[in-house]
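A.B. asks: Dropping a prediction and its sequence here:
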Amino acid sequence: MPKQHASTITGYTVFYSEVEADKSVKQRSHDVPLSLDMLSMDVVIGDLKPNTPHRVSVGSYGWAGKGRPSMPRDITTLSQDKCMPPEPPYQPQVVVVSDSEVALSWKPGVSEGSSPIQYYTLEFIRPDLDSNWTVIKEQIQMESMVLKGLIPNTKYQFAVRAANSYGSSFSSSPSDIIRTFSSEELGSGSYGHRYITGTIVGDDDGFDIDDSDYDIYIEELKPLPAIKGGNRKFLVETKVAPGSSTRLLSRLITTTSDPIASPATTMRPIPTTTASTTTAKATRRNGMASAVRLFDLSCDETICSADSFCVNDYDRGGSRCHCNLGKGGETCTEDIIIQYPQLYGYSYITFEPLKNSYQTFQITLEFRAEAEDGLLLYCGENEHGRGDFMSLAIIRRNIQFRFNCGTGVAIIMSESKIKLGNWHSVTVFRDGLNGWLRLDNDTPVTGKSQGQYSKITFRTPFYLGGAPSTYWLIRAAGTNRGFQGCVQSLIVNGKIVDMRPWPLGKALSGADVGECSSGICDEASCINSGTCTASQADSYVCLCPLGFKGRHCEEAFILAIPQFNESLRSFATTSWPLEPQNYLSFMEFEMTFHPDSENGVLLYSYDTDSKDFLSINMVGSYVEFRFDCGSGTAIIRSEEPVVLGQWHELRVSRTAKNGILQVDKQKPVEGMAEGAFTQIKCNTDIFIGGVPNYDNLKKNSGILKPFSGSIQKIILNDRTIDVKQDFTSGVNVENAVHPCVNSPCANGGNCMPKKDSYECDCPLGFDGQHCQKAVTEAIEIPQFIGRSYLTYDNPDILKRDGQSGKVTVDDYGARTGKSPGMMRQLNINGDLYVGGMKEIALHTNRQYMRGLVGCISHFTLSTDYHISLVEDATDGKNINTCGTK
């Protein structure tokens, strides 16, 4: 603002100009006369060039004249792109949670330099029922959500739009078509009411469901980002367009990403009042404390900070603010990477309800408890343990497994007690009315539920470590305490459950969850560029670069036969020998491998910009070859499983979208990729034995885990990949137990592995099984064994007589030939090989697969240039005197 003048100011002048080379050009001005009805000094200057620096100053004027302008200020107008709506988000990923719920996740599109995204909107269609998309007009502040109230056994497809201050984007690519579960898939002993969050309590049993109101509304169940005046709860009601579903829809935000800026919206805030608070702290191993805020008032009158939510505390009275999954610290602002969950007695994690488990299920949990009581697992027909349910709990250091099919509870208790602070593994199994529990290696304890119903309805989320309504579960589960301790692994029906937050893992939401391995690497000393990472909840592993091994990467070694280990997260990488265009339509791999486990990735490469990939995997002891040209995946599986602990050979080839897999002497298996595309482009390295990041895999790659075992031969399109020279990087790759590791070949001989055995390729002048004998006598007539050769680089030897050539064999007469065309010179930049050569199949385009087996006595060029085969040779391999072998 300009300085005040003694005379009365009657107006202002805005001076503005473009700036070129730090000089003002095209200066213009705009007068702003003062008037009594002016409420502010704001003025909009239009018709400016986008993405152009401008210089602005303001001067006043009055009856005495014009005042001195203010100090100029430089400012750049926004680019045209920044004034445009954002790019569409990426295709949303959808997971079916129950018969009426799906979880969605998406990522914003790339809009470099554009205005920030303020919110998203969601739309859906039922392909079998609708012809138009239904738009849910609620402004979504996160990038993941759980959508409730869908129709059971119905196909849905979803799309997302992004919006900023300049408008809304086009729709994202539609999600894959999904189908909600049917009630029969969820199963039931009594097939009672459908579970809905936020049900109305009835007079009879306290858990009747009021679903009479089918007007669609969206209920915000997680607090919005912090806004001025604190964080409140909002209820937003909206009507869905005609022709769309009229069932109840409610949204549960369960994001792991930061909230985005929210524009002003019209909402009904629920009144709040100030409440007295108490802060309790739970100390973690690394010393960081997680604040648990306790309030005297109920959640209706409590304000929680951003990234937290309120739950009524019926045990102590009042309410409690919980940090969302993936958040922690005093104000829930610290990011927590969760892999091995730590729970504090008031924590829990939610997963989708148990699927295909209404008749039978088996669950294994590995945990370390810090308290004598606590709920480990719960899933049921409702949140309060009425009707069907299953639970697993620690009660006075015994493990109790309970389940109810609707007509009576089975209670199965371990015979031994757990030890606090020790790791334990518990497995529970149920089939109909019967079940058993096994703690560690104890004998299983069996039990049976009452009544005639044999199926269980699972409608609530599958809870780990507690539940929002743990207080009400004491009658059903036997405890109303949450679990205190760490969880290392969870396996449901034979599948390992990834406990990381969705979409990386399967955890949909949670409260006050820490990380057991936090701080485990603080005192680790990985040397030689090794990096530390948690391998279990209470242990770490050093990721040693290629050429180093040991607990802390302290031991250097030379790689000979690579050994991969799943527990060490091993992998190696090698570059494609040629440019990607050389492999677009054809590629062939040969491998010799020794598997130690049933599952693991042998080889993988992909394209970062498309769906293209190829992978070779061990899956349940079978070998799988998968590839995708961009329009559909081919999956080719060996006819028979391979035997673990033995050497095997495989060959895979791909021509366009056709593939062939052969393992050992099994019958070759053929397959074809879907769609019209026929080429594969991979712009990443070739990953062998594992990959660096298992979260960044192509959807249909089939890769489950690292390979455990050894690999001694890899050939790509007849070109050998040398593990000593061609591996460009790797992690925790060690040497296998094999004779070649001990370098048995003397005098510069090269050890060639042949499964459990080996052969030595001896340099010229040495012989014997281990190249241990020096050849002292002159070799008049050299002998070749199929992998031998002699090389010559003398310019006189490499001459040739024009275009003509002639070959004569014994007395069968001469055969002549002439190269066509006008060219008369043969330009070669390599040596002359006799009797064989390196990688003969590659360099002869498979005209020859091996070298000569036999002897050569004379070698004459141009009828009179006699060559002394061994003396004139510059190099050779596996040469001995004819007749000695």
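C.D. replies: Great, that's in hand.
A.B. asks: which residue packs closest to M71, ignoring adjacent ones?
C.D. replies: The shortest distance from M71 to any non-neighbouring residue, by Cβ to Cβ, 6 or more residues apart in numbering, is to S57 (6.9 Å). For glycine as for every other residue, the C-beta is placed from the backbone atoms N, C-alpha and C.
A.B. asks: Kindly report the same for W502.
C.D. replies: L508 is the one closest to W502 (Cβ to Cβ, 6+ apart), at 5.4 Å.
A.B. asks: wait, what's in contact with that neighbour?
C.D. replies: 97, 103, 146, 254, 350-352, 461, 502 (Cβ atoms under 8 Å, 6 or more residues apart in numbering).
A.B. asks: Which elements pack onto the strand or helix carrying the residue nearest to M71?
C.D. replies: Element membership for S57, per DSSP states H and E: strand 53-62. Contact here means 3 or more Cβ pairs under 8 Å, 6 or more residues apart in numbering; DSSP states H and E; on that basis strand 53-62 packs against strand 9-20, strand 73-76.
A.B. asks: Reformat these as JSON lines; add mean pLDDT.
C.D. replies: What follows is the helices and strands packed on strand 53-62, written out as JSON lines (pLDDT from 0 to 100):
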{"stretch": "strand 9-20", "mean pLDDT": "89"}
{"stretch": "strand 73-76", "mean pLDDT": "88"}
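A.B. asks: winner for burial among the ones you listed?
C.D. replies: When the helices and strands packed on strand 53-62 are scored by mean count of other Cβ atoms under 10 Å, the highest mean neighbour count falls to strand 9-20 (a mean of 16).
A.B. asks: before we move on, the earlier item: direction included, what does the strand holding S57 pair against?
C.D. replies: strand 9-20 (antiparallel), strand 65-66 (antiparallel), strand 73-76 (antiparallel) (DSSP bridges).
A.B. asks: Pretty sure V428 sits against L439.
C.D. replies: No: using Cβ atoms under 8 Å, V428 is not in contact with L439; the gap is 9.9 Å.
A.B. asks: out of those two, which sits in the busier spot?
C.D. replies: More crowded of V428 and L439, by other Cβ atoms under 10 Å: V428, with 25 against 22.
A.B. asks: Just the element for the more buried one, please.
C.D. replies: strand 423-431.
A.B. asks: can you give me how far the helix or strand that comes right after that strand is from the chain middle?
C.D. replies: The helix or strand immediately downstream of strand 423-431 is strand 434-439, counting by DSSP H and E. Centroid displacement of strand 434-439 relative to its chain, using Cα atoms, centre = their mean, to the nearest Å, is 34 Å.
A.B. asks: next one: stretch 681-689
C.D. replies: 16 Å.
A.B. asks: Equivalent analysis for stretch 388-395, please.
C.D. replies: 32 Å.
A.B. asks: need the helices for this protein, in chain order.
C.D. replies: 183-186, 474-477, 840-843 (DSSP state H).
A.B. asks: In terms of pLDDT, where does the closest residue to S469 other than its chain neighbours sit?
C.D. replies: Counting by Cβ to Cβ, 6+ apart, E383 is the residue found nearest to S469 once chain neighbours are left out, at 4.3 Å. Looking at E383, its pLDDT reads 87.
A.B. asks: is it true that E383 touches T470?
C.D. replies: No: applying Cβ under 8 Å, one finds E383 not in contact with T470, separated by 9.6 Å.
A.B. asks: Let's have the strands paired with strand 53-62 in CSV, adding distance to L392.
C.D. replies: Formatted as CSV, the strands paired with strand 53-62 follow (distance: least, Cβ to Cβ, whole Å):
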stretch, distance to L392
strand 9-20, 70
strand 65-66, 83
strand 73-76, 61
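A.B. asks: and E579, which of those is closest to it?
C.D. replies: strand 73-76 (41.8 Å; Cβ to Cβ).
A.B. asks: who's in contact with the nearest residue to C542 once chain neighbours are set aside?
C.D. replies: Using Cβ to Cβ, 6+ apart and skipping the chain neighbours, the partner closest in space to C542 is C526 (3.8 Å). Neighbour list for C526: 532, 542-544, 552-553 [criterion: Cβ under 8 Å, 6+ apart].
A.B. asks: try S347
C.D. replies: S347 touches 322, 341, 465-466, 482-483, 510-514, counting by Cβ under 8 Å, 6+ apart.
A.B. asks: so how far is K327 from the closest residue in space to it that isn't next to it in sequence?
C.D. replies: In space, and not counting its chain neighbours, S347 is closest to D512: 4.4 Å by Cβ to Cβ, 6+ apart. Distance, D512 to K327, using Cβ to Cβ, to the nearest Å: 9 Å.
A.B. asks: Between the two, which is the more surrounded one?
C.D. replies: Shown here are D512 and K327; by other Cβ under 10 Å, D512 has more neighbours (28 against 23).
A.B. asks: can you tell me how far the residue nearest to C542 sits from P706?
C.D. replies: Distance from C526 to P706, by Cβ to Cβ: 19 Å.
A.B. asks: In contact with S743, which residues are there?
C.D. replies: Residues in contact with S743 (Cβ under 8 Å, 6+ apart) are 560, 751.
A.B. asks: Need the pLDDT of it.
C.D. replies: Per-residue pLDDT puts S743 at 90.
A.B. asks: go on, K495?
C.D. replies: Reading off the model, K495 has pLDDT 89.
A.B. asks: same thing with L798?
C.D. replies: You'll see L798 listed with a pLDDT of 57.
A.B. asks: With K26 instead?
C.D. replies: Value for K26, per-residue pLDDT: 83.
A.B. asks: isn't it right up against Y16?
C.D. replies: No: the criterion here is Cβ under 8 Å, and K26 misses it with Y16 at 9.4 Å.
A.B. asks: Which residue, neighbours along the chain excluded, lies closest to G494?
C.D. replies: Closest to G494 by Cβ to Cβ, 6+ apart is Q362, at 7.2 Å.
A.B. asks: mind checking how far the one you found is from L437?
C.D. replies: In terms of Cβ to Cβ, Q362 sits 11 Å off from L437.
A.B. asks: Let's see the distance spanning stretch 351-368 from one end to the other.
C.D. replies: Start and end residues of stretch 351-368 are separated by 20 Å (Cα to Cα, to the nearest Å).
A.B. asks: Can you list the buried residues in it?
C.D. replies: Across stretch 351-368, burial judged by 16 or more other Cβ atoms under 10 Å covers 351-355, 357-358, 360-368.
A.B. asks: cool, and stretch 55-75?
C.D. replies: Under 16+ other Cβ under 10 Å, the buried positions of stretch 55-75 are 55, 57-61, 67, 69-70, 72.
A.B. asks: Then stretch 591-601?
C.D. replies: For stretch 591-601, burial by neighbour count (16+ other Cβ under 10 Å) applies to 591-597, 599-601.
A.B. asks: Looking at E383 and T470 now, which is surrounded by more residues?
C.D. replies: Taking neighbours as other Cβ under 10 Å, E383 and T470 compare with T470 leading, 26 against 22.
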